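Student: structure of the sequence below:
(one chain, ligands or ions: 1)
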Amino acid sequence: MTQLSVRSVPRAPAATATPSSRLELLEYYLAHHDDLALCAQASLEWLARHAGVKRSICLIVDAESSLLAGLAGTGVRTEDVELFSWPLSDPRDPLVAALSHTGPTALRGGRTNGEDRGASSTLFGGGSSTAIPLRPGRASDETAIGLLLVKAAIVLTPDVAWLVTVLSQKIDQIRGRGSLAEEARRLRRERALFFTIINSVTDPILLTDTEGRLIVANARAEKLFAASEEESEGRRRAVELNNMLFSAALSRTAVETPSEARELLLVDPSDGSDLLFEVLSSTVEDPREGTGIVSVLRNITDLRRATEQIEENYQKLRVAEAAARAERDRLNLIIDSVADPIIVTDQGGATVLMNAPAEELFTVSMTADDTAQRTVQANDAHFSSFISGLLLGEGGPGEIRRGEIGLMNPQTSEPIPVEAIAGKVLTETGELTAVVTILHDRREALERARLYEQLKSASDELQMRVQSATAELATQNELLRRQAIELEQASRLKSQFLANMSHEFRTPLNAILGYTHMLLQGVGGELPANVRRQLQRIDSNGRHLLTIINEILDITRIEAGKMPMQITEFDLNEIVQEVMTELDPVITRSRLAVMPRLAAASSPVVQSDRQKVKQIVVNLLSNALKFTHQGGVEIAVEYVPEERAASISVTDTGIGIAPEHHDKIFEDFRQVDDSPSRQYGGTGLGLAICRRLASALGGRIVLRSNLGEGSTFTLTIPADAPQ
Ligand code: ADP
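Tutor: Next up, the predicted model:
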């Protein structure tokens, strides 16, 4: 066994157990050291040197843990001493019992009178030993503070007794002093630990008194509520403000429910930003310090921001959800409102959505007959094979597939040829999510195509007929053209004939009129009255016939283009006066007032055919006198130099002409009353000639009249007649 000292103890000069050796122990060790183990070790070594006790151990009572622990030893293994601990729980245990003995207790290895169960034999390797109680006071009833365990039975010599006394007192002294210092150290440690703990908390923690004065604050709280004089003005102000806000919050908390969390807005003294805290205050009672308030501030600035963000996102989500729902409803509405069947299938070809027209083709009620069920199955099979074609990429790599499918109406078993157009719906990443297929009923298109064919053949036939009719028409036109040429030739011949005939009529008629006139003038002697009357009738009828012949001659001349124009310069006012003079006998006979209204200012001189203008005016005035029974006639001349146009209008208050006859009376031989019993004479050629003459002069005749309201015929001619 290696014999080692427990501690390295400075060696004292060798001495016997003399007063000086005792003094040396006291002076060198016990008076200068407060280390329990060191003092005990020095004492045991003193025993070995001066009292011949070579193997001994000092055991000490640890009341807290209720153990007897090894403190120092000589002649034993250090680790045996250090690891030694013996329970004090059993009062019958020899070691425990030894503590309460006044004197030494002899212990034997194995079965001893003290029934040592192995404590000393563990330490000393068996054999007898002695346990001497260490008791600082004199009172023998007091429990020992430790044991001096000595190998072999020894006699309590004065040196051993002395050492036991001084060691007991030293242990007691060190323990007493040590407990105070230890307490102070413990308190310091605890305080340090306390601050370490509260400073490690990231939330500000404050302990305030009931007046709101700060007692304890952790580091985080100090940053918010404390500022030294050296710190910046801004920071100090922020701290001041925080203190004010916190005091206000605390007083409110005191008034209201103290344990309830409330929000507190503070200022970050380092950057002036707002910090939102949740304050949780609770009242603490301390017997010495009195009542205090512990407040824990939890920074919820980020939390609030996150909450707001979450709230905002939630709102956005709800809006998006609503929009998506509306969009889905709209889509459903659209799909349902489409007349063509629409089917939406997933990437596996399973139907996920279909509109009402599609349901009619692909669904059947449970009560439907077998035929309807089989038809629906057949429709389904046809459709599935079409869709699988698209999914397998048949018909090209495109996203749209067209094809024709033969379906049947489950209700009527009527075949429905459809054109299917299927499109893939891809995600942003190009994954297939659905296939939308629209089925278009082709029956109408096929019917239209059939009708179109029919129409086309009918149209071709029609075209052929039109072609033959056109050819026929062309033949007829050619025939007509030839007939027109023949007619024109015949008309010219007729006019020529009439002109010749009129001439032939006029020569003998003029002779008749000449002879009649001579007879009436009494060239053949005085005539009896009845002969004179008969001659006058011959004369009157002859003149009438001459007028007719002249008019026919005029017409035929104009028709044959043989009416020569003689353009001269003349005054229209003069023409009017001449006409009035010429028709004076007729005017007198009519007993009507004829009022000339000649052009004022400059005389209306025109370049035209004087004789033809006069003939027109004579005709218009003759008609006016003939068809007027009362009232009067006015002849007005107007001339507009700027327009180089002149007009002569004849207005009467006669019988008037109904509007439906306005055009008719300008036609050849036409009269309003063309009955055999007509009241007024005439040939019906006068106005026809007038219109032709006016047109030859470059002018026209306009009529304004109504039945019973008189008439106005206006001749308008250019001041310069065309050559
Ligand atoms: P007619 O020699 O018969 O007078 P016109 O050609 O001069 O031939 O006239 C044709 C017809 O126009 C007349 O028969 C008459 O019915 C009608 N007509 C012409 N002038 C007048 C008028 N001033 N008032 C009423 N009717 C008229």
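Student: quick one: the strands in the stretch 151-300 of the chain?
Tutor: Counting by DSSP state E, counting those that start in this stretch, the segments of the stretch 151-300 of the chain that form strands are 205-209, 214-217, 262-267, 274-286, 290-299.
Student: mind checking which of those strands is nearest the ligand?
Tutor: With CB to the nearest ligand atom as the criterion, the ligand lies closest to strand 274-286 of those, at 111.5 Å. (C-beta placed from N, C-alpha, C; glycine too.)
Student: on that earlier part again, and of the strands of the stretch 151-300 of the chain, who's closest to Asn550?
Tutor: Nearest to Asn550 among these is strand 274-286; the distance by CB to CB comes to 125.3 Å.
Student: what are the buried residues along the closest one?
Tutor: For strand 274-286, a neighbour-count test (16 or more other CB atoms under 10 Å) marks 275-281 as buried.
Student: on that earlier part again, quick one: which of the strands of the stretch 151-300 of the chain is nearest Ile174?
Tutor: Shortest distance between Ile174 and the strands of the stretch 151-300 of the chain, using CB to CB, is found for strand 274-286: 33.5 Å.
Student: name the helices or strands packed onto the closest one?
Tutor: When contacts are defined as 3 or more CB pairs under 8 Å, 6 or more residues apart in numbering; DSSP states H and E, strand 274-286 sits against helix 233-255, strand 262-267, strand 290-299, helix 301-337.
Student: now do it against helix 233-255, angle only.
Tutor: Strand 274-286 and helix 233-255 meet at an angle of 50 degrees, taking axes from the mean of the first three to the mean of the last three CA atoms, to 10 degrees as the criterion.
Student: what's the average pLDDT for strand 274-286?
Tutor: The predicted model assigns strand 274-286 a mean pLDDT of 87.
Student: partners of it, with directions?
Tutor: Using DSSP bridges, the strands paired with strand 274-286 are strand 262-267 (antiparallel), strand 290-299 (antiparallel).
Student: now the shortest one: how far from the chain's centre is it?
Tutor: Using CA atoms, centre = their mean, to the nearest Å, the distance from the centre of strand 262-267 to the centre of the chain it belongs to is 41 Å.
Student: for that strand, give me every contacting residue.
Tutor: Strand 262-267 has contacts (CB atoms under 8 Å, 6 or more residues apart in numbering) with 224, 238, 241-242, 245-246, 249, 252-253, 273-279, 297, 300.
Student: list the buried ones in that strand?
Tutor: For strand 262-267, by 16+ other CB under 10 Å, it's 264, 266-267.
Student: one more: stretch 488-496?
Tutor: Ser495.
Student: got the contact list for that stretch?
Tutor: 556, 559-560.
Student: Ala161 is nearest to which of the strands paired with strand 274-286?
Tutor: The closest approach between Ala161 and any of the strands paired with strand 274-286, judged by CB to CB, belongs to strand 290-299 at 54.7 Å.
Student: ok now that closest one, how far from the chain's centre?
Tutor: Put simply, strand 290-299 sits 52 Å off its chain's centre (CA atoms, centre = their mean).
Student: and the strands in the stretch 301-450 of the chain?
Tutor: Remark: strands assigned in the stretch 301-450 of the chain by DSSP E, counting those that start in this stretch are 342-346, 351-354, 400-408, 415-426, 432-441.
Student: for the ligand, which of those strands is the nearest?
Tutor: strand 432-441 (73.7 Å).
Student: list the buried residues for the closest one?
Tutor: So strand 432-441, judged by 16+ other CB under 10 Å, has buried residues 435-441.
Student: please apply the same query to stretch 339-356.
Tutor: 341-345, 351, 354-355.
Student: could you redo those as a markdown table and give each row distance to Val96 and pLDDT?
Tutor: Output for the buried residues of stretch 339-356, formatted as a markdown table (distance: CB to CB, whole Å; pLDDT from 0 to 100):
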| residue | distance to Val96 | pLDDT |
| --- | --- | --- |
| Pro341 | 102 | 92 |
| Ile342 | 98 | 92 |
| Ile343 | 96 | 92 |
| Val344 | 92 | 90 |
| Thr345 | 91 | 91 |
| Thr351 | 91 | 89 |
| Met354 | 95 | 89 |
| Asn355 | 98 | 89 |
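Student: mind giving me a markdown table with those and columns for distance to the ligand?
Tutor: As requested, the buried residues of stretch 339-356 are exported to a markdown table (distance: CB to the nearest ligand atom, whole Å):
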| residue | distance to the ligand |
| --- | --- |
| Pro341 | 80 |
| Ile342 | 81 |
| Ile343 | 86 |
| Val344 | 87 |
| Thr345 | 91 |
| Thr351 | 91 |
| Met354 | 86 |
| Asn355 | 81 |
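Student: please list which of the contacts of stretch 488-496 are also close to the ligand.
Tutor: For the ligand, no contacts are drawn from those by CB under 6 Å from any ligand atom.
Student: out of these, flag the one nearest to Ala372.
Tutor: Nearest to Ala372 out of the contacts of stretch 488-496 is Glu559 (CB to CB; 89.2 Å).
Student: all helices for the stretch 351-500 of the chain, in order.
Tutor: With DSSP state H, counting those that start in this stretch, the ranges of helices along the stretch 351-500 of the chain come out as 356-362, 370-391, 443-520.
Student: between the longest one and strand 415-426, what angle do the directions make?
Tutor: Here helix 443-520 runs at 110 degrees with respect to strand 415-426, directions being taken by the same axes, to 10 degrees.
Student: can you check the second one too?
Tutor: Compare the direction of helix 370-391 with that of strand 415-426 by the same axes, to 10 degrees and you get 40 degrees.
Student: same for helix 370-391, what does it pack against?
Tutor: Here helix 370-391 touches helix 356-362, strand 400-408, strand 415-426, strand 432-441, going by 3+ CB pairs under 8 Å, 6+ apart.
Student: nearest to Asp62, of the ones you listed?
Tutor: Using CB to CB, these put strand 432-441 closest to Asp62, at 77.9 Å.
Student: each with direction, which strands does the closest one pair with?
Tutor: Using DSSP bridges, strand 432-441 pairs in its sheet with strand 342-346 (antiparallel), strand 415-426 (antiparallel).
Student: which of the ones you listed is buried the deepest?
Tutor: Mean neighbour count (mean count of other CB atoms under 10 Å) peaks for strand 342-346 among these, with a mean of 19.
Student: show residues contacting that strand.
Tutor: 335, 351-355, 357-358, 362, 383, 387, 433-439.
Student: one more pass at 7 Å, please.
Tutor: Residues outside strand 342-346 that contact it (CB atoms under 7 Å, 6 or more residues apart in numbering): 335, 351-355, 358, 387, 434-438.
Student: quick one: which of these is nearest to Tyr515?
Tutor: Nearest member of these to Tyr515, counting by CB to CB, is Ile438, at 109.0 Å.
Student: so the closest one makes contact with Glu419?
Tutor: No - Ile438 is beyond contact range of Glu419, at 8.8 Å (criterion: CB atoms under 7 Å).
Student: turn the strands paired with strand 274-286 into CSV, columns for mean pLDDT.
Tutor: Shown next, in CSV, are the strands paired with strand 274-286 (pLDDT from 0 to 100):
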stretch, mean pLDDT
strand 262-267, 89
strand 290-299, 87
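Student: can I get these in JSON lines with distance to Arg448?
Tutor: Shown next, in JSON lines, are these (distance: least, CB to CB, whole Å):
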{"stretch": "strand 262-267", "distance to Arg448": "76"}
{"stretch": "strand 290-299", "distance to Arg448": "77"}
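Student: tabulate the ones you listed (TSV), appending distance to the ligand.
Tutor: Below are the strands paired with strand 274-286 laid out as TSV (distance: least, CB to the nearest ligand atom, whole Å):
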stretch	distance to the ligand
strand 262-267	113
strand 290-299	119
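Student: figure out which of the ones you listed is closest to Tyr680.
Tutor: strand 262-267 (121.0 Å).
Student: what about Gln566, how many neighbours?
Tutor: 9 (other CB atoms under 10 Å).
Student: what do you get for the one 10 residues further on?
Tutor: Each residue near Val576 was counted by other CB under 10 Å, and the total is 23.
Student: tell me the contacts of it?
Tutor: Neighbouring residues of Val576 by CB under 7 Å, 6+ apart: 596, 598, 617, 635, 637, 648.
Student: mind listing what the nearest residue to the third one once chain neighbours are set aside touches?
Tutor: Which is Val617. Leaving aside its sequence neighbours, Val617 sits nearest to Val579 (CB to CB, 6 or more residues apart in numbering; 4.9 Å). Shown in contact with Val579 (CB under 7 Å, 6+ apart): 614, 617-618, 621.
Student: all good on my end, thank you.
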